[in-house]
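Peer 1: attaching a predicted model along with its sequence, questions to come.
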Amino acid sequence: MTPSHSWSRTRRETLTLLTALGTLAGAALTGAAPAGAATGTRTGTTISSGVVYRQYDLTAGAGVTRVHVLAVDLTDTRVRLGLLYPGKVASRAPLSLQATAQKAVAGINGDFFNITEAQHPGVVATGASVGPAIANGKVLKAAVPTGQRFGPQLPPGTDTDDVLGVSGDGRARLDSLALTGTVTTLGRRLPLRGLNQYALAENSIGAYTSDWGGVSRARATCGTDTDRAAPCATRTYEVTVKRGRVVSGSAGPGSGPIAAGVTVLVGREAGAQRLRTLVEGQRVSVRYDLTAASRRAYRFALGGYPVLTGGKPLPGLDTRTSAVRTAAGIANGGQRVLLFAVDGAPAYRRGLTIAEVAAALKSLGATEGFSLDGGGSSTLVARAPGAARVSVRNHPSDGTERAVPNGIGVFTR
């Protein structure tokens with residue numbers, strides 16, 4: 001489709017604005033123009049209608065670092081954001097493969113995740129993400145207890161329920177998604193406190209569905225609400241429910257794919273004791289949803305943590321630790337999203353502090369900012385003009401792409 005004259009004018013205005021804002025981002029961190037201007041600093045590349053990519057250099061506290069930015073115009077009806085993931089919650093793949101498989105034109109990596117289990121010998125790291133996840137309006141998972149998360153220390157007042165998402169009105173927002181659920185049997189209602197999570201709260205029951213995948217569920221009963229590395233629970237129980245009836249029980253969490261229409265309930269401590277009362281053939285109803293603090297419905301959401309709200313950095317942001325980072329900014333009342341990744345090449349690997357990330361997002365016009373997984377996970381991908389698939393635009397600090405559980409995808413039609 002040939003762009004109209006009005007769209008061409010809007011695109012030129014967008015590129016001009018992005019160039020100015022990129023300069024402001026450098027000034028915000030240094031009080032001067034960015035050092036060592038990168039290729040593409042003065043112009044942007046239109047990836048597709050409503051999506052512009054550019055890179056530029058910032059001089060931050062630890063030195064010069066290069067950043068990559070995708071500006072996404074959600075007022076363009078041909079553009080939407082969605083969750084990139086490998087098809088199962090407990091699964092990982094390089095972001096470029098996820099984007100290509102889902103036919104995204106661009107994207108960045110997403111939530112922090114269960115990357116290792118060194119403290120629990122013999123327990124498999126699931127690769128599952130920390131926070132809630134919604135894809136195409138479908139609830140995939142809820143958040144692990146805050147004490148069980150992976151990632152840097154959270155700013156005061158934030159927790160693992162925090163999300164960035166796009167609500168039913170098509171606007172991007174920061175919100176909080178809490179699990180509400182019950183296991184009902186013989187007139188009793190047991191609280192459900194987990195959904196496809198790598199870690200369950202102490203004394204609780206969690207549900208696992210076909211969205212989880214085939215990875216062992218043993219990790220769910222390890223650690224405590226305040227100590228991720230604490231030993232695994234000794235009292236556990238698992239019940240399999242098919243077509244509303246109990247079909248089996250087991251003393252410990254199992255593994256293997258879960259068929260569609262089957263729900264596996266995993267309990268630890270008091271939760272395990274409750275599940276032991278269920279017998280084969282007994283009717284059981286499992287219901288759950290993610291409820292937003294704003295009471296809005298979300299088409300897409302994923303976890304991380306806020307760093308900027310109402311145009312102001314959150315109090316208590318780290319100002320000392322510089323690292324490779326990934327983040328997302330929301331501007332224009334949720335109509336514009338900025339996907340932001342720091343380059344991990346040796347020349348730029350010193351990176352930014354979380355406070356500097358918040359400042360950079362604000363200088364790009366964002367009023368809300370959200371930190372995502374960084375370090376070796378930081379990856380930004382986008383199609384080159386005329387290309388059929390995305391390519392990695394930054395340099396991942398591991399030297400190659402890290403397999404990640406999810407990301408933010410940019411889709412066009």
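Peer 2: Yes, it's here.

Peer 1: which parts of stretch 196-208 are buried?
Peer 2: Within stretch 196-208, the residues scored as buried using 16 or more other C-beta atoms under 10 Å are 196-208. Where you see a C-beta, it was placed from the backbone N, CA and C, and this is true even at glycine.

Peer 1: ok, now stretch 47-65?
Peer 2: For stretch 47-65, by 16+ other C-beta under 10 Å, it's 47-62, 64-65.

Peer 1: got the CA positions of it in PDB?
Peer 2: Extracted C-alpha coordinates of stretch 47-65, given in PDB (Å, rounded to 0.1, in the frame of the first residue of the first chain):
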ATOM      1  CA  ILE A  47      10.600  -0.500   9.700                       C
ATOM      2  CA  SER A  48       7.000  -0.400   8.700                       C
ATOM      3  CA  SER A  49       4.000   1.900   9.000                       C
ATOM      4  CA  GLY A  50       4.100   3.400  12.500                       C
ATOM      5  CA  VAL A  51       7.400   1.800  13.500                       C
ATOM      6  CA  VAL A  52      10.800   3.700  13.400                       C
ATOM      7  CA  TYR A  53      14.200   2.300  14.500                       C
ATOM      8  CA  ARG A  54      17.200   4.400  15.400                       C
ATOM      9  CA  GLN A  55      20.400   4.200  17.500                       C
ATOM     10  CA  TYR A  56      22.500   6.900  19.200                       C
ATOM     11  CA  ASP A  57      25.200   7.300  21.800                       C
ATOM     12  CA  LEU A  58      24.800   8.500  25.400                       C
ATOM     13  CA  THR A  59      27.600   9.600  27.800                       C
ATOM     14  CA  ALA A  60      26.500   8.300  31.100                       C
ATOM     15  CA  GLY A  61      28.200   8.000  34.500                       C
ATOM     16  CA  ALA A  62      30.300   4.900  33.400                       C
ATOM     17  CA  GLY A  63      31.100   6.300  30.000                       C
ATOM     18  CA  VAL A  64      29.800   6.300  26.500                       C
ATOM     19  CA  THR A  65      27.100   3.700  25.700                       C
END
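
Peer 1: one step back: and which of the buried residues of stretch 196-208 is nearest residue 273?
Peer 2: Out of the buried residues of stretch 196-208, the one with the shortest distance to residue 273 is residue 203. That distance is 8.9 Å, counting by C-beta to C-beta.

Peer 1: which stretches of the stretch 1-150 of the chain form strands?
Peer 2: 45-48, 51-60, 63-73, 79-84, 93-94, 106-109, 133-135, 138-141 (DSSP state E, counting those that start in this stretch).

Peer 1: now those strands in JSON lines, with distance to residue 327 and mean pLDDT?
Peer 2: Written out in JSON lines, the entries for the strands of the stretch 1-150 of the chain read as follows (distance: least, C-beta to C-beta, whole Å; pLDDT from 0 to 100):
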{"stretch": "strand 45-48", "distance to residue 327": "19", "mean pLDDT": "95"}
{"stretch": "strand 51-60", "distance to residue 327": "13", "mean pLDDT": "96"}
{"stretch": "strand 63-73", "distance to residue 327": "10", "mean pLDDT": "97"}
{"stretch": "strand 79-84", "distance to residue 327": "15", "mean pLDDT": "98"}
{"stretch": "strand 93-94", "distance to residue 327": "20", "mean pLDDT": "98"}
{"stretch": "strand 106-109", "distance to residue 327": "9", "mean pLDDT": "98"}
{"stretch": "strand 133-135", "distance to residue 327": "18", "mean pLDDT": "98"}
{"stretch": "strand 138-141", "distance to residue 327": "22", "mean pLDDT": "98"}
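
Peer 1: let me have those in CSV, extended by distance to residue 315.
Peer 2: Conversion of the strands of the stretch 1-150 of the chain to CSV gives the following (distance: least, C-beta to C-beta, whole Å):
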stretch, distance to residue 315
strand 45-48, 36
strand 51-60, 20
strand 63-73, 24
strand 79-84, 28
strand 93-94, 36
strand 106-109, 26
strand 133-135, 28
strand 138-141, 29
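
Peer 1: tell me which of the ones you listed lies nearest to residue 413.
Peer 2: Between these, strand 79-84 lies closest to residue 413; by C-beta to C-beta that is 8.3 Å.

Peer 1: which helices and strands does that closest one pack with?
Peer 2: Strand 79-84 sits against strand 63-73, helix 95-102, strand 133-135, strand 298-303, strand 407-412, with contacts defined as 3 or more C-beta pairs under 8 Å, 6 or more residues apart in numbering; DSSP states H and E.

Peer 1: please state the offset of stretch 237-244 from the chain centre?
Peer 2: Here stretch 237-244 shows a centroid-to-chain-centroid distance of 29 Å under the convention C-alpha atoms, centre = their mean, to the nearest Å.

Peer 1: Provide a list of residues in contact with the spatially most central residue of the chain.
Peer 2: Within the chain, one residue has its C-alpha closest to the average C-alpha position: by C-alpha atoms, centre = their mean, that is residue 111, at 3.0 Å. For residue 111, the contacting residues are 129, 130, 131, 133, 302, 303, 304, 372, 373, 405, 406, taking C-beta atoms under 8 Å, 6 or more residues apart in numbering as the criterion.

Peer 1: what about the last one, distance to residue 131?
Peer 2: Per C-beta to C-beta, to the nearest Å, residue 406 is found 10 Å from residue 131.

Peer 1: now for those two: what residues contact both?
Peer 2: Shared contacts of residue 406 and residue 131, defined by C-beta under 8 Å, 6+ apart, comprise 111, 302.
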